[in-house]
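# can you look at this prediction? I've put the sequence above it.
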Amino acid sequence: MTQAILTRFEAARSVVRDAAALAMKMRPAPGGPKGTLKSAQDWLTETDGAVEAFISERIGMLFPEDGFQGEEEGRTRTGSLRWVVDPIDGTSNYARGRNRWCISLGLMDGDTPVAGIIEAPALGETYTAVRGHGAFLNGQRIHASPVTDTTSSLIEMGWSNRVPAGVFQQKIDAILNLGAMPRSGGSGAIALAEVACGRQDGYLEICINLWDVAAALVLLDEAGARVSPFLRDGGLTGGICILAAAPGIADTLSDAVGVSLK
């Protein structure tokens, strides 16, 4: 890994930390959702735009030659190294004053994820990874779960209004038929990070975007999890399916939900 990427990673940790403080300051109080409903259960808050603009400006000042892509504004700068941000992943939780949301910032070298930071300030947790240097939660090395039996597994599945009717139920039924415990927590980035750290044994989402997973893909690889070929199969340009799993149950889960793994 080049020193240029390590230098960027260390700088980005500070940028994300400051962005998280901004998000916490703007955070709604617990209660009914505060924001704009873009489509069914798809919320946009003032904080989404403010955090993305903050990160874009700071990264642009530090590394003006780098590309930048955000959920809200799209690709605003180009470069061989590209930052990809989801300013608030788990906006439906954030808009209600819940804790399960994060800022996700990934760095890509061409089409390869090389570093990632997922900061969940309301949970007091920061996930970090640089390709070839391991994955960490609050500075402690993390690994995917050692579970080998699906009857003791915890599997999360993300919900999206872009998924055809009946598909969510079909996949949840397949998970239940394995004897696993299903969950759905409202933040794809945190869910993937929790597969990386062994808190859960798998995560499936039928339609998810690059900004949701750019940081998590490095974490998963470095933590030894198995992942579907998200980037190869179209994730660079549109929303597609992702499956991540602990290696001991990966093939069984993959067969059950009908999603191939690398």
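Great, that's in hand. Numbers count the residues shown, from 1 in each chain.
# how far away is the residue lying farthest from the centre of the chain from residue 151?
Using CA atoms, centre = their mean, the residue of the chain lying farthest from its centre is residue 177. It sits 26.5 Å away. Residue 177 sits 11 Å away from residue 151, going by CB to CB, to the nearest Å. C-beta: built from backbone N, CA, C; applies to glycine.
# below-threshold pLDDT in this protein: ranges please.
1, 32-44 (pLDDT under 70).
# residue closest to the middle of it?
residue 189 (2.1 Å).
# list the contacts of it.
86, 89-90, 102, 104, 118, 212-213, 215-216 (CB atoms under 8 Å, 6 or more residues apart in numbering).
# list the ones among those residues that fall in helices.
Among these, the subset assigned to helices under DSSP state H consists of 212-213, 215-216.
# which of these tops the neighbour count?
Tallying neighbours with other CB atoms under 10 Å puts residue 216 at the head of these, with 35 neighbours.
# for that residue, what are its contacts?
104, 106, 116, 118, 188-189, 192-193, 196, 244.
# quick one: the closest residue to it other than its chain neighbours from residue 242, how far?
Nearest residue to residue 216, sequence neighbours excluded (CB to CB, 6 or more residues apart in numbering): residue 192, at 3.7 Å. The gap separating residue 192 from residue 242 is 8 Å, by CB to CB.
# before we move on, what about residue 56?
Residue 56 is 25 Å from residue 242, by CB to CB.
# where do the helices of the protein begin and end?
3-26, 46-62, 91-94, 167-177, 188-196, 210-223, 250-257.
# any idea which of the ones you listed is most buried?
Among the helices of the chain, ranked by average contacts under mean count of other CB atoms under 10 Å, first place goes to helix 188-196 (a mean of 29).
# and the angle for it with helix 210-223?
10 degrees (axes from the mean of the first three to the mean of the last three CA atoms, to 10 degrees).
# quick revisit: got the contacts of residue 216 as TSV, with distance to residue 16 columns?
TSV is the format used below for those (distance: CB to CB, whole Å):
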residue	distance to residue 16
104	9
106	11
116	10
118	9
188	17
189	12
192	17
193	14
196	17
244	22
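# coming back round to it: list the contacts for the residue farthest from the centre of the chain?
Neighbours of residue 177 in contact, by CB under 8 Å, 6+ apart: residue 256.
# so residue 54 sits right up against residue 19, yeah?
Yes. Assessed by CB atoms under 8 Å, residue 54 is found in contact with residue 19 at 5.3 Å.
# so how many other residues sit close to the residue lying closest to residue 69 once chain neighbours are set aside?
Of all residues not flanking residue 69 in the chain, residue 75 sits nearest, at 4.3 Å (CB to CB, 6+ apart). Residue 75: 11 surrounding residues under other CB under 10 Å.
# ok, now residue 179?
Residue 179: 11 neighbours (other CB under 10 Å).
# chain neighbours aside, what residue packs nearest to it?
Nearest in space to residue 179, with sequence neighbours left out and distances taken as CB to CB, 6+ apart, is residue 151 at 3.6 Å.
# for residue 160, same thing?
Counting by CB to CB, 6+ apart, residue 207 is the residue found nearest to residue 160 once chain neighbours are left out, at 4.7 Å.
# would you check that the one you found makes contact with residue 234?
No. Between residue 207 and residue 234 there is no contact under CB under 8 Å: 11.0 Å.
# what do those two both touch?
Going by CB under 8 Å, 6+ apart, residues that sit against residue 207 and also against residue 234 are residue 240.
# settle it for me: which of these two has more neighbours?
More crowded of residue 207 and residue 234, by other CB under 10 Å: residue 207, with 17 against 12.
# done for today, thanks.
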